[in-house]
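Student: quick one, structure for this:
(one chain, ligands or ions: 1)
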Amino acid sequence: MADFPLAIKKLIGGLERLPGIGPKGASRLVFYLLNTPKSFVGDLSKMLLALEEVKICQNCFGVADREKCSICADLKRKKDLICVVEGSIDVMALEAVGGYKGVYHVLGGVINPLDHVGPDDLKIVELVERVRQLENGHEVEIILATNPTMEGEATAMYLKRKLEALDKNIKISRIGSGLPMGASLEFADRATLSRAMEGRRDI
Ligand SMILES: [Zn+2]
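Tutor: Below is the predicted model:
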């Protein structure tokens, strides 16, 4: 690509690092953008820059506009019903289904020794502390909604042990069947996700 303008080569190089976009896809996008009105390209670059302003909620570690995300700040949400997910994208998928009245806790991944991700790399201590601080006296339910992969299952079992060690009145459930093994919440359709949440079972 020696003869192509540097701006084009640079953007192709940047886009091809994104998941699901190879060098060909990146080139296609860049030449598509070159042929769209300049105002769209300008707007798009502002949208990208605005991502830098996104914050992490200090309570659930999901994405937020301010220190607390809109879900944690919502007084109508049950604070003693916590759905534990791998990433913020899972929160988005579950919220799109609708009907869930609790709050979330975003781990930031799963335990995966092959990728050198241990419990300390995830927001596990924070989850245990959050649950510990919940008022005694009424039932607490923690839904473990990590993906039904090997790592997701292992992480759920690890969390279960940690939460049980709290010696609190906690109902621990695992997101239900319907999600095939190896699937991810992110790509599941709404009906499947809704069934999986309703069909959660105690573990
Ligand atoms: Zn939050």
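Student: helices of the chain, start to end?
Tutor: For the chain, the helices identified by DSSP state H occupy 6-15, 23-34, 38-50, 70-73, 88-97, 124-132, 150-164, 190-198, in order along the chain.
Student: distance of the residue nearest the centre of the chain relative to Glu164?
Tutor: For the chain, the residue nearest the mean C-alpha position is Gly87 (1.8 Å; Cα atoms, centre = their mean). Computed with Cβ to Cβ, to the nearest Å, the distance linking Gly87 and Glu164 is 25 Å. Placement of C-beta: from N, CA and C, glycine included.
Student: for Gly98, same thing?
Tutor: Taking Cβ to Cβ as the measure, Gly98 and Glu164 are separated by 31 Å.
Student: so for the two, which sits in the more crowded spot?
Tutor: For Gly98 and Glu164, the more surrounded residue by other Cβ atoms under 10 Å is Glu164, and the numbers stand at 11 against 8.
Student: what residues does stretch 16-34 touch?
Tutor: Residues external to stretch 16-34 that are found in contact with it (Cβ atoms under 8 Å, 6 or more residues apart in numbering): Ile8, Leu11, Ile12, Gly13, Gly14, Leu15, Phe40, Val41, Leu44.
Student: change it to 6 Å
Tutor: In this structure, residues lying in contact with stretch 16-34 by Cβ atoms under 6 Å, 6 or more residues apart in numbering are Ile8, Leu11, Ile12, Leu15, Val41.
Student: roughly how far does the closest residue to the last one other than its chain neighbours sit from Ala7?
Tutor: Closest residue in space to Val41, ignoring its immediate chain neighbours: Leu33 at 5.6 Å, by Cβ to Cβ, 6 or more residues apart in numbering. As for Leu33, its distance to Ala7 is 11 Å (criterion: Cβ to Cβ).
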